[in-house]
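Structure for this input, please:
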Amino acid sequence: MAAHLADLEVIASTSIDQSGGGVAFDSILGAYDRAGALLSKVGDVYENYTSSLNTPDMQEVQTKMAPILSRHSSKAYDVPGLFEKIEAMYEIRDEKSKSGEWTAEQARLAERVYTEFVRKGAKFDAAKKGEYADIQAELASLQTKFMQNVLKDEEEWELVLSEGDMEGCPADVIAAARQAAIERKKGPGDHVITLGRSLVEPFLSYASRRDLRRTVFEAFSKRGEMSPERDNLKIAVKVLRLRKRQAELHNKESFAEYKFEDTMAQTPENGMKLLTDVWVKAKDAANKDRGLMEAFLAEKGEVLEGGIKPWDWRYYAEQVRQAKFNFDENEMKPFLSLDAVTNAVFDVSNKLYGLNYVKRPDIVAYHPDVNVYEVRRAKKNAVVHGNEDELVALFLHDNYARPFKSSGAWMSEFRSQSKNLAPGSDPIEAIPIVVNNNNFSQGSENTLLSFDDGITLFHEMGHGHHGMLSDATYCTLASTNVLKDFVELPSQLMEHWLSEPVVLQKHAKHYQTGETVPDDLIKRFKAAELFNEAFGTCEYNACAMLDIALHSLSGYGEDFDLAEFEKSYLEEQGMPQGIIMRHRPAHFLHLFASSSYAAGYYVYQWAQVLDNDVFAAFEETGDVFDAETAERCRACIYSTGNTIAPQELFRMFRGRDPDATFMLKNLGLIPK
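Next up is the predicted model:
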């Protein structure tokens, strides 16, 4: 941290008279982009550990370091004389760009760095800066505690069952529950359901005992509020109040208004309009799907006390899927082993972008579960023969759930791509080190994935591509450092290829026999693909709408009750019976474990508009691996980072603005 501040002080002392030419650019903005290299190197390792291997000792360190790191960040934006240099460069960016003295990327860097300083309070007076730094430090501590509370609930809770209690569950789910029991040192006949989503959701989908489904569902939905000592609802309200004050310091009416200012959507109203337009259609479709389930129950003469509850929906949806479409997802699972899906995603990556993954078992990672790969491709503008290729990235694949690992799935980096290295640096420092984290339940011999798990793996590889294919000069603009409602485009776009028959026919191999998935099974899978899609859309949209509504409130008084707000808001929106939010407030990590997605959870649906439109461009060629389209996609979406505004990048790729029609069709909300 001291070295970082020293780097910034050198920039601040640079003569303003140098602000004209290329040398001046490098001594101010180029140097700013390079500043804090040691802190970045150490910090990236630390942040990955606190997500992937956050042991009790590490959590103690994290608790102590959260406010310290926040205070350092505040100091970094308040080095005397630094903002004046940044502002001076910002003011001449158009002139220098037009004259050809600066590249377009340099002008973009000047704009983005200036914007970041302003949004961090660089124009505040001393008193406001002090208050802002206090707010940021307190937020850092509260958000860390929020995350640790969820992690603790997930570590501690378990439901010990006999094999008989798991009646209805497929063999791979039973095996995963048995493996969890072994890891938790239970008895020889015991099986354990933990609060990992990859165990919870299949149990809710197939376990025939309604009482046990309810027990698991209620625990899963109450993470973050299981213990009075770990009451995340109280923490969340404190966070909301601090964010409101943060917005007020920026002269904004709400945190949502502040957050949306630096997005493609621009305003909370624009984000909410997209969500509510989809919500109306998805809600109607979900109610129709529930009607199908109720009719199915009536045909069987089965009566559910209280009707279809949230712990029933997945179970009866699977029953209807089997009856109506003659498709059972468990038929697909043997063809979707983790190895098969990994091979598929690597092959798609190769066909689209020429990347080859070379396993490096000699490189020891932070946990034995983690696989390390060199990512290589043919050298540009060269006739390739033999092994004439180049290193693009190191890629770490961390796929299994385990104690002290955060739930969910994410991509992060141990090092970001950059061409702006300090003189004398080892060229390897330009090569990104990318890690993809998943939380699949590990089987005793083979790990079989649901199709949704496979989609998750492909999704994270899309983020991985964003890091590995990055080709920016400046680290500040590289990789995933883009506007939040653009960042999910590369990831969600990648999801489309898993369901393509050409991919399934090549890679969906039975984990025991090696048999290729039958064509008939693929046809039945495709026919059932959109059934119950509205359930997931409602789960998500409810979260995203509540997020914006919550962060748009004018205040959070002493009597503000977050649980009551959730209840009344969902009632107002007409939440379909039997569905709840995918992430309830007490464990909504996107919102309260950091500020990154706060008032920004809508970005997944915003990006859905983009990714469905982009994939349509591939489909329109008649070849989902069309080389010309893939190269445009690489150039406009994956490699460019934030060097060009996202709206312009989309227009460069598609030749027009986005069209939501493709998304609505693919969600089954309007006819194809």
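
for stretch 515-524, how far is the first residue from the last?
Across stretch 515-524, the terminal residues are separated by 18 Å (Cα to Cα, to the nearest Å).

Identify all contacting residues around that stretch.
Stretch 515-524 is contacted by residues 325-327, 331-332, 335, 501, 504-505, 508-510 when judged by Cβ atoms under 8 Å, 6 or more residues apart in numbering. From N, CA and C alone the C-beta is placed, and that goes for glycine too.

you'd agree residue 393 is in a helix?
No: with DSSP: H, G, I helix; E, B strand; the rest coil as the criterion, residue 393 is located in strand rather than a helix.

Can you report how many residues neighbour it?
By other Cβ atoms under 10 Å, the residues close to residue 393 number 25.

Residue 111 too?
Residue 111 is flanked by 16 other residues according to other Cβ under 10 Å.

before we move on, what about the one 3 residues further on?
Applying the criterion other Cβ under 10 Å, we find 20 residues in the vicinity of residue 114.

Was I right to think it contacts residue 90?
Yes: Residue 114 lies in contact with residue 90 (Cβ atoms under 8 Å); the separation is 3.7 Å.

Quick check: the farthest pair among the contacts of stretch 515-524?
325 and 509 (23.4 Å; Cβ to Cβ).

okay, those two: which has more neighbours?
It is residue 509, of residue 325 and residue 509, that has more neighbours when counted by other Cβ under 10 Å, with 21 against 15.

next one: phi and psi at residue 556?
With angles defined as degrees, to the nearest 10, residue 556 sits at phi -130, psi 80.

Which other helices and strands does the longest helix seen in the chain contact?
The residue-count maximum for a helix in the chain (DSSP state H) belongs to helix 268-300. Applying 3 or more Cβ pairs under 8 Å, 6 or more residues apart in numbering; DSSP states H and E, one finds that helix 268-300 contacts helix 255-260, helix 310-325, helix 533-551, helix 603-620.

Show the model's pLDDT score for the residue nearest to residue 308 when sequence neighbours are not counted.
With sequence-adjacent residues excluded and distances taken as Cβ to Cβ, 6 or more residues apart in numbering, residue 308 is closest to residue 578, at 4.2 Å. The model reports residue 578 with a pLDDT of 97.

Tell me both backbone torsions, phi and psi, for residue 578.
Backbone geometry at residue 578, expressed as degrees, to the nearest 10, gives phi 100, psi 0.

Double-check it against residue 291; I have them as touching.
No: if you go by Cβ under 8 Å, residue 578 and residue 291 don't touch, sitting 11.3 Å apart.

what sits against the residue nearest to residue 308?
By Cβ under 8 Å, 6+ apart, the neighbours of residue 578 are 290, 307-310, 312-313.

Which entries within these meet the buried criterion?
Among the contacts of residue 578, the ones that count as buried by 16 or more other Cβ atoms under 10 Å are 290, 308-310, 312-313.

circling back to that earlier point, which one of the contacts of residue 578 is nearest to residue 188?
Using Cβ to Cβ, residue 312 comes nearest to residue 188 of these, at 32.1 Å.

mind listing what that closest one touches?
210, 213, 304, 578.

what's the burial count for the second one?
Neighbouring residues of residue 213 were enumerated by other Cβ under 10 Å; the total is 23.

That one sits in which helix or strand?
For residue 213, the host element (DSSP states H and E) is helix 210-221.

now the strands: where do they sit in the protein?
Secondary structure of the chain by DSSP state E: the strands cover 159-161, 191-193, 356-359, 371-378, 389-400, 410-415, 433-440.

which residues sit against the fifth one?
In this case it means strand 389-400. By Cβ under 8 Å, 6+ apart, strand 389-400 touches 52, 338, 342, 355-357, 363, 365, 367, 369-379, 414, 417, 431-442, 447, 457, 464, 467-469.

Count the residues that sit near residue 566.
Using other Cβ under 10 Å, residue 566 has 20 other residues around it.

How about the contacts made by it?
546, 581, 584-585.

among the helices and strands of this protein, which has the poorest mean pLDDT?
The weakest-scoring helix or strand in the chain, judged by mean pLDDT, DSSP states H and E, is helix 22-25 (a mean of 78).

Now restrict the contacts of strand 389-400 to buried residues only.
Members of the contacts of strand 389-400 classed as buried by 16+ other Cβ under 10 Å are 52, 338, 342, 355, 357, 370-377, 414, 417, 431-442, 447, 457, 464, 467-469.

middle-most residue in this protein, spatially?
The centre of the chain sits closest to residue 410, judged by Cα atoms, centre = their mean, with a distance of 5.2 Å.

so that one sits right up against residue 51, yeah?
Yes: between residue 410 and residue 51 there is a contact under Cβ under 8 Å: 7.1 Å.

what is in contact with those two at once?
The contact sets of residue 410 and residue 51 overlap at residue 437 (Cβ under 8 Å, 6+ apart).

one step back: could you identify which of the helices and strands packed on helix 268-300 is most buried?
Scoring the helices and strands packed on helix 268-300 by mean neighbour count under mean count of other Cβ atoms under 10 Å gives helix 255-260 as the most buried, with a mean of 24.

Any chance you could list what contacts that helix?
240, 243-244, 246-247, 250, 252, 266-268, 270-271, 548, 551-552, 598-600.

Stretch 74-91 now?
Against stretch 74-91 from outside (Cβ under 8 Å, 6+ apart): 4-5, 8-9, 11-14, 16, 19, 25, 28-29, 32, 36, 110-111, 113-114, 117, 120-123, 129, 132-133, 136-137.

what comes up buried for it?
In stretch 74-91, counting by 16+ other Cβ under 10 Å, buried: 74, 76-79, 82-83, 85-90.

average pLDDT for that stretch?
96.

Which stretches in the stretch 501-650 of the chain count as helices?
In the stretch 501-650 of the chain, the segments counted as helices under DSSP state H, counting those that start in this stretch are 501-507, 519-527, 533-551, 562-573, 589-592, 603-620, 627-633, 646-654.

next one: the stretch 1-150 of the chain
Under DSSP H, counting those that start in this stretch, the stretch 1-150 of the chain gives helices at 2-12, 22-25, 31-34, 37-52, 56-76, 82-91, 93-99, 104-119, 126-156.

Are any of the contacts of residue 566 buried, and if so which?
Among those, those buried by neighbour count (16+ other Cβ under 10 Å) are 546, 581, 584-585.

how about a markdown table for the residues you listed, with distance to residue 298 and pLDDT added?
A markdown table is the format used below for the buried ones among the contacts of residue 566 (distance: Cβ to Cβ, whole Å; pLDDT from 0 to 100):
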| residue | distance to residue 298 | pLDDT |
| --- | --- | --- |
| 546 | 33 | 98 |
| 581 | 29 | 98 |
| 584 | 31 | 98 |
| 585 | 36 | 98 |
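
biggest separation within those, which pair?
Distance extremes for the buried ones among the contacts of residue 566: the farthest pair is 546 and 584 at 9.5 Å, using Cβ to Cβ.

quick revisit: considering the helices of the stretch 1-150 of the chain, which stretch scores lowest in mean pLDDT?
Here the helices of the stretch 1-150 of the chain differ in mean pLDDT, and the lowest is helix 22-25 at a mean of 78.

Can you pull out the low-pLDDT segments for this structure?
17-23, 381-387 (pLDDT under 70).

surely residue 626 meets residue 632?
No: using Cβ under 8 Å as the test, residue 626 is too far from residue 632 to be in contact (9.5 Å).

Could you export the strands of the chain as a markdown table, including distance to residue 275?
Listed next are these as a markdown table, based on distance: least, Cβ to Cβ, whole Å:
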| stretch | distance to residue 275 |
| --- | --- |
| strand 159-161 | 34 |
| strand 191-193 | 33 |
| strand 356-359 | 37 |
| strand 371-378 | 36 |
| strand 389-400 | 31 |
| strand 410-415 | 23 |
| strand 433-440 | 27 |
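
Out of the ones you listed, which is closest to residue 481?
It's strand 410-415; of those, that one is closest to residue 481 (Cβ to Cβ) at 10.2 Å.
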